[in-house]
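Asker: Got a predicted structure here, sequence first:
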Amino acid sequence: MQKNYDTLRNFMAMALATGLLWGPSIQVSGQSLSPSVTQEVTFGDKLIPIMQVGENGPVVPGPEMGGTPPNDLCQNAVVVDLAADGVFFRSGDNTGSTDEFGFGNSVYEAFTTTECLDVTIEYCGTDPAFNGAFTFLFVGCPPTTLVYTGEQNITDQLCGDGNLTLSFPQLPPGTYYYGVLEGAGSSGPYELAVSGTACNATAPAYDVCAGAIMVTPDPDCIPVTADADGTIVGSSLPGLACPGSIGNAMDDIWFSFVATASEHTVIATPSEVYDAVVDVRSGACGATSTIACVDTAGLGSEEALDLTGLTIGETYYVRVYDWYNGLPGTTTVDLCVLGPGHAGCDADAGTLTADASEVCFEDDMATISATAGGDEVIPPGFELLYVLTQGPDLVIINAGTVPEFIVDATGLYTIHTLVYDPVTLDLSIIEPGVTTGGDVNALLIQGGGDICASLDVTGAPVDVIICVEPCDANAGTLTADASEVCFEDDMA
């Protein structure tokens, strides 16, 4: 099934007037650095938008220029090994290039990585400066999929000569091809520098099933937002043929919900350069299986999946990922579950925001804190408690009436809000250092149990780290008064 990209085409036309990185749009020879869609190409059963900055053509056909460049076809590109902290340089000329795959006239450079890298492609030194470039890599020759980058990763301010720099963060291992676009203002000799640094992102808890973000079914379908940043470095299940073309799921995000009816609708709304695949699964983490999936819309477009035959009270998992390879050009996605809420339980833990996402460990201790969003609901007879958990498994280690705790070790901590009725939820069952937030959540209606209470499972995560203080001490230099001194009378 081909995808409808009318919404994307309209968005990208509008995006030419914006510049998320610099505020007002930065111009290169009259062109915005916001990528635009120039055409669409069919890969199998999927319609792929081709995105670039600058212009296509007009270009002089190859025969009039005396033939095509040696790397006019991707199969003739020299594939260079790129390692962490590595860089390679390519000099070429795209004059007379042809359009091999319907992307636009271009020649090809290529590289292989064996680890996750933040990759940068620079046109520095190209004279005259190119004002156009493709804003994607493709995988395979011929290509099977693309890796997009967003306008926040494109600039003409780093080279110092008006040339472009493009970044592709958290690029997974693989072989990638980059087309050097030939167009008006970007034709002739070029210089490229391709560099890579090791990915230093941390995978979020919701990169795996056990850390899934809890979503509460609601008649108003209130969304929860997640960010794919860091998910490339974590583990992932393979992508699905949904409905036909198999996407790359290395950036998957996990959500969960407890069915309050036999029918629900799951709605995912991705950000602009994110093509969401929605995979709904049943079963326990580690042994889930797909019961339904959807991938019919395009970049930035909503996906909705109607579910039937659900078991009330059972926990279902929703895996969302960008169909394309690598980290999506924009990394956030909203997800909600449409359906009736739990009758008779109005408790709501609300939200917490960490006062600092990283805190220094000093004098064998650190103080971490969070601020409540003011959106909690505490029914009569209920109480509010803040719970501190440690590590990705959310092991409970402390609790208190204010969201501030002193910890005595480095690592990941999360502060959660718990709204509960002490008559129905006996906190004496919690064994610090053993019981997890997931254990408590499983007792609650929101987690598939039968107790009316609310736990903010996502909470406010805080990393406690060793901070290195800057040292301004400087020994300076010494210069000998004489490089040679005579030894006389048993002394000098």
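Answerer: Nice, I can see it.

Asker: count of neighbours near the closest residue to residue 81 other than its chain neighbours?
Answerer: Once flanking residues are discounted, residue 81 sits nearest to residue 112: 5.5 Å by CB to CB, 6 or more residues apart in numbering. Quick note: C-beta positions are derived from backbone N, CA and C, even for glycine. Neighbours of residue 112 under the rule other CB atoms under 10 Å: 13.

Asker: next one: the one 10 residues further on
Answerer: For residue 122, the count of nearby residues is 20 (other CB under 10 Å).

Asker: show me the contacts for it.
Answerer: By CB atoms under 8 Å, 6 or more residues apart in numbering, residue 122 lies in contact with 158-159, 163-166, 192-195.

Asker: what do you get if the cut-off is 10 Å, keeping everything else the same?
Answerer: Taking CB atoms under 10 Å, 6 or more residues apart in numbering as the contact definition, residue 122 lies against 87, 89, 158-159, 163-167, 191-195.

Asker: before we move on, back to that, check the average confidence over the host helix or strand of the residue nearest to residue 81, would you?
Answerer: Using DSSP states H and E, residue 112 sits in strand 106-113. The average pLDDT for strand 106-113 rounds to 96.

Asker: list the buried ones in that strand?
Answerer: 106-111, 113 (16 or more other CB atoms under 10 Å).

Asker: where along the stretch 101-250 of the chain do the strands fall?
Answerer: Ranges of strands in the stretch 101-250 of the chain, per DSSP state E, counting those that start in this stretch, are 106-113, 117-122, 133-134, 136-139, 145-148, 154-155, 165-171, 174-181, 189-198, 213-214, 224-227.

Asker: how big is the angle separating the strand holding residue 112 from strand 174-181?
Answerer: Using axes from the mean of the first three to the mean of the last three CA atoms, to 10 degrees, the inter-axis angle of strand 106-113 relative to strand 174-181 is 160 degrees.

Asker: Please name every helix or strand in contact with strand 106-113.
Answerer: Where contact means 3 or more CB pairs under 10 Å, 6 or more residues apart in numbering; DSSP states H and E, strand 106-113 is packed against strand 79-81, strand 86-93, strand 117-122, strand 136-139, strand 174-181, strand 189-198.

Asker: Can you list the strands that it pairs with?
Answerer: Paired neighbours of strand 106-113 in the sheet (DSSP bridges): strand 79-81 (parallel), strand 174-181 (antiparallel).

Asker: could I get these as CSV with mean neighbour count, distance to residue 440 and mean pLDDT?
Answerer: What follows is those, written out as CSV (neighbours: other CB atoms under 10 Å; distance: least, CB to CB, whole Å; pLDDT from 0 to 100):
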stretch, mean neighbour count, distance to residue 440, mean pLDDT
strand 79-81, 13, 49, 94
strand 174-181, 23, 41, 95
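
Asker: Output the ones you listed as a markdown table; include the columns distance to residue 474.
Answerer: Shown next, in a markdown table, are the strands paired with strand 106-113 (distance: least, CB to CB, whole Å):
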| stretch | distance to residue 474 |
| --- | --- |
| strand 79-81 | 40 |
| strand 174-181 | 44 |
